[in-house]
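Novice: Provide a 3D model corresponding to the input given below.
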Amino acid sequence: MKFRMVDRIVSWQPRLAIRGVKAVSLEEYCLKAPFGGPPALPESLLLEAIFQLGNWLVMLSTDFRQMGMIVRIGEARFDDVLRPGQRLDMAVTARSFRDDGVLLDGQAAVGGRPIAHGVGCLAVPVPLADYADPADLRVLYSQIHRPAPAEDGDPERAKRVEGRPR
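Specialist: This next block holds a predicted model:
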């Protein structure tokens, strides 16, 4: 079973940053009801969504030759829960992107309100083909990459949104 936790990639800049979205529906079977309260996405899956977005940055930045294998998490903090019907906006930035490791920070928010932060996640690049079919992931990317429109008419911003280098 595969957990696909990134529903949309909004923008990315090679080796620098990526933004994406996870929408939580009422149909997600992984929802928990903490202590009889309203259902929420478990924190572990919220963190997984941020990890997967960071992995998309590694895959896209290496033209689907590599993926990131997480070897360390510096710190993770949860300020609130993610409920069904909410849209999770995520952003991951690469503090360092080297051949021997990628150091990532990530945050997630609902309606502009931060609900999760991760700092100092170290991912070691490994050959993608050893773990997944790069062709399948290219198809998936074509389905989930829906760039945000350029709001200010800046053509350079439009290029960055598309994931092309500046």
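
Novice: these two touch, right, Ile70 and Gly120?
Specialist: No. Assessed by CB atoms under 8 Å, Ile70 is found out of contact with Gly120, at 11.3 Å. Just so you know, the C-beta spots here come from the backbone N, C-alpha and C atoms, and that holds for glycine as well.

Novice: which non-adjacent residue is nearest Phe51?
Specialist: Nearest residue to Phe51 in three dimensions, chain neighbours excluded: Ile70, at 6.1 Å (CB to CB, 6 or more residues apart in numbering).

Novice: in terms of pLDDT, where does the one you found sit?
Specialist: Turning to Ile70, the model gives it a pLDDT of 95.

Novice: sheet partners, orientation included, of the helix or strand encompassing it?
Specialist: Assigned by DSSP states H and E, Ile70 belongs to strand 66-78. Strand 66-78 pairs in its sheet with strand 113-127 (antiparallel), by DSSP bridges.

Novice: just want the most central residue of the protein.
Specialist: Leu53 (1.7 Å; CA atoms, centre = their mean).

Novice: in this structure, where is pLDDT below threshold?
Specialist: Counting by pLDDT under 70, the chain contains low-confidence ranges at 1-2, 29-30, 32, 34-35, 150-166.
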